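*Asks:* Could you look at this predicted model? Sequence included:
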Amino acid sequence: MAGFLLFVAAVLSIIGVTTDRGTFTEVSWILWGLGILLLVSGALRRRRRVSVDELRVGAAAGDPGALRALAMMSKIQGDFDEAERLLRMAVDNGDVESMWEMGRLVEHRDGLEESEPWFRMAAERGHFVAKRFFRPGNPLNRDGNNPL
C-alpha cells in the first residue's frame, strides 16, 4: 500500500509541476506523507524482538551482540560482575561497542582514570564517542597531551 501511495504521489507531483496545477501538488504532498508514514510504521512492526533465551543461545555461540545485550541486562539488574564477565567475552571477540560499554562499567565502578584503557581501546578502533574523549580539552585529554 505504501509503495502504491508513493507512486501515485510521484505521478501527481509531476503532473502538478508540469501543468502548474496547485491542487495536484497539494494532494501529492498529502500522499507523500501518508506513504512515508506507512513505510515507517510497517518497518517498526516488522522489527524482530529477541527473547532472553535467544540471547543466551547467541552468547553461548560467542555472538558479541548477544553477549553485550546480556551484559547490559545484568548491569541494569545491578550484577556488575556478570556484566563485566560478559563484556570481557565480547571484547575478546573484537566488539568495539563492548569495549565502550566496558569503559562505562569501569568508570561507574572505579572512576574515569581507571576506565581510560577501555575507552582508548574503543577509540583506537573507531568508536565515535570514545574518540571524542581524547580530543584536547575533553575528559581524558584535558591538557591536550593524551592523544590517540
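*Replies:* Good, I have the coordinates.

*Asks:* what helix or strand does the nearest residue to Arg21 once chain neighbours are set aside sit in?
*Replies:* Nearest residue to Arg21, sequence neighbours excluded (CB to CB, 6 or more residues apart in numbering): Ile15, at 7.1 Å. Using the backbone N, CA and C atoms, a C-beta is placed for each residue, glycine as well. In the assignment (DSSP states H and E), Ile15 maps to helix 2-19.

*Asks:* who does that helix touch, helix- and strand-wise?
*Replies:* Here helix 2-19 touches helix 22-46, going by 3 or more CB pairs under 8 Å, 6 or more residues apart in numbering; DSSP states H and E.

*Asks:* just checking, what packs against the helix it packs on?
*Replies:* Against helix 22-46 (3+ CB pairs under 8 Å, 6+ apart) you get helix 2-19.

*Asks:* Distance check, the most centrally placed residue in the chain against Phe128.
*Replies:* Geometric centre of the chain, nearest residue: Glu97, 9.4 Å, by CA atoms, centre = their mean. Glu97 sits 11 Å away from Phe128 when distances are taken as CB to CB, to the nearest Å.

*Asks:* before we move on, back to that, show me how far the helix holding Ile15 is from its chain's centre.
*Replies:* 34 Å (CA atoms, centre = their mean, to the nearest Å).

*Asks:* in that helix, what's buried?
*Replies:* The neighbour-count check on helix 2-19 (16 or more other CB atoms under 10 Å) flags Ala2, Leu5, Leu6, Val8, Ala9, Leu12, Ser13, Gly16 as buried.

*Asks:* Give me the lowest-pLDDT entry from those.
*Replies:* Among the buried residues of helix 2-19, Ala2 has the lowest pLDDT, at 74.

*Asks:* which ones are touching the spatially closest residue to it that is not a sequence neighbour?
*Replies:* Nearest non-adjacent residue to Ala2, counting by CB to CB, 6+ apart: Leu38, 3.6 Å away. By CB atoms under 8 Å, 6 or more residues apart in numbering, the contact list for Leu38 reads Met1, Ala2, Leu5.

*Asks:* Kindly reformat the residues you listed as TSV containing distance to Arg88.
*Replies:* Compiled in TSV, the contacts of Leu38 are given as follows (distance: CB to CB, whole Å):
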residue	distance to Arg88
Met1	48
Ala2	44
Leu5	49
